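Engineer: A structural model of the following input is requested.
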Amino acid sequence: MTAVQNEASTVASQNYRTYVLFALGIVALFNFFDRSIFSVLAVSIKSDLNLSDTQIGLLGGFGFALFYAIVGIPLARIADRGNRITLVSVCLAVWSLATAACGMAGGFISLLLARIGVGAGEAGCFPPSYSVLSDYYPPARRAFAIGAFHFWGNIGFLLGLVGAGLVSDLLGWRAAFIIFGAPGVLFAVILRLTVREPVRGALDTVRTPVELGFREAVKILAGRRAYIHLFCAYSLSAFAFYAILLWLPQFFARTFSMTQSELGLYYGFAFGGGMIVGVGLGALIAPRFIAEDRRWEMLFPAVAAFLSLPLALAVLVVPSQTAALIITFFFCAFASAGLGPAFAAIQSLSEPGIRATASALVLFAAALIGQGLGPTLVGILSDVLSTPFGERSLSVSIAFAAAAFGWSGLHGWLGSKWFLQETV
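Structural biologist: As a prediction, this is how the structure comes out:
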């Protein structure tokens, strides 16, 4: 039996492909795990290293997102041509080591370099993993496989938020980075030794006859008004969401004097739990609307964005810590509910041969505008507004970022008007 036949046999094995899904799910868990802990640990880091809000914003924003965005496209090209399992394993080891290195940082510059390493490594997680799962699962089962992959990621997000605060209170923020980073290096070795690279395209029955170049793909997508509106809508939602993700723990600490462990436990369950519930409900509810009218692929995320705005603002003004945490849960649920329909809309607005490019362009912009600019701008605004607003400068800055949800919803609604005529 040839190597190709062996690999094809592996694909056909239900037990083995379930293990592959589990293994890659653990990779996603580590990805969100290591990505989320900074927002909770930032409270102690700011105090210990005597950093400004602007510096915290850079560490949580562009320090991570800039290299995540820049490195993502060339890593995706490598994944399309080389061994994807090897790539994911190496990237997992890199971002895990960089996470541990954050705990050894002596100041802003060394911590920034470590955060850049986390971003660059994590850029090699999702595109290769999607590709591998598509070669282990037939088309009818790919939505399930990718959904399960993201479920594990959200579990990691929740565990990171909760665990980081508890470990930091017991052992300090430096130990938290090292403890959470080190296991990923070991699992990178396990992944490489136990998961085989599948035959590329073995389960596909339809081939795209001509592959368009990057420029041609961009030209086609830029000519579709619904896609442009969706591009803007997703980027603006990411701007608001990631700004709030980083800075809301700081708000809770300053407003309600919450400790590190309280932040990890209560805020972690409110934010992470809300995301899990929101993604799940969106996946269950949105298809029912879409079955009646496909424009809901864009309208559902738009409605979710519109509803997220008042909830985000309400968190900043309620006097009770308990009420603020409950509202945070519902905010996260609505803010996450539109993810599935939004990416379904991207697929609907692009030909099969350019769908990866269409998604990559949106994710590239979301990384720079959302994960990069959002947290950074809120930190700068908080410092600038500290004189006129005093202790409320942070909440005013968060409210400014939250307003982007309304702008996002407007783009989604406008784009839906062109959606049916531009759907492929």
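
Engineer: find the nearest non-adjacent residue to L265, please.
Structural biologist: Setting aside the residues directly before and after it, L265 is nearest to V162 in space (Cβ to Cβ, 6 or more residues apart in numbering), at 5.6 Å. From N, CA and C alone the C-beta is placed, and that goes for glycine too.

Engineer: now name the helix or strand holding the one you found.
Structural biologist: For V162, the element it lies in under DSSP states H and E is helix 139-171.

Engineer: packing partners of that helix?
Structural biologist: helix 14-49, helix 126-136, helix 173-194, helix 260-262, helix 268-292 (3 or more Cβ pairs under 8 Å, 6 or more residues apart in numbering; DSSP states H and E).

Engineer: that older thread, ok, the residue nearest to L265 touching G264?
Structural biologist: Yes - the pair V162 / G264 is scored as a contact, 5.0 Å apart, by Cβ atoms under 8 Å.

Engineer: ok, the residue nearest to L265 to F251 distance?
Structural biologist: Separation of V162 from F251 (Cβ to Cβ, to the nearest Å) stands at 18 Å.

Engineer: more neighbours, those two?
Structural biologist: Taking V162 and F251 together and counting by other Cβ atoms under 10 Å, V162 has the greater number of neighbours (24 against 20).

Engineer: could I get the contacting residues of that one?
Structural biologist: G264, L265, G268, F269, G272 (Cβ atoms under 8 Å, 6 or more residues apart in numbering).

Engineer: at 7 Å what do you get?
Structural biologist: Residues near V162 by Cβ atoms under 7 Å, 6 or more residues apart in numbering: G264, L265, G268, F269.

Engineer: my guess is G264 meets L161, correct?
Structural biologist: Yes - when contacts are counted by Cβ atoms under 7 Å, G264 is listed as touching L161 (5.9 Å).

Engineer: can you work out which residues contact both of those two?
Structural biologist: Contacts common to G264 and L161, judged by Cβ under 7 Å, 6+ apart, are V40.

Engineer: could you list the low-pLDDT ranges of the protein?
Structural biologist: Scanning the chain for pLDDT under 70 picks out the ranges 1-12, 139-144, 146-147, 201-212, 347, 351-356.

Engineer: surely A114 meets A105?
Structural biologist: Yes - proximity of A114 to A105 meets the contact threshold set by Cβ under 7 Å, at 5.7 Å.

Engineer: tell me which of those two has more neighbours.
Structural biologist: Between A114 and A105, counted using other Cβ under 10 Å, the more crowded position is A114 (23 against 19).

Engineer: quick one: the one helix or strand the more buried one maps to to chain centroid distance?
Structural biologist: Under the criterion of DSSP H and E, A114 resides in helix 108-122. Per Cα atoms, centre = their mean, to the nearest Å, the displacement of helix 108-122 from the mean C-alpha position of its chain is 17 Å.

Engineer: OK, contacts around L394?
Structural biologist: For L394, the contact set (Cβ under 7 Å, 6+ apart) comprises W247, Q250, F251, R254, S382.

Engineer: cool, and T194?
Structural biologist: T194 neighbours (Cβ under 7 Å, 6+ apart): A23.

Engineer: what about it, distance to L113?
Structural biologist: Applying Cβ to Cβ, the value for T194 to L113 is 32 Å.
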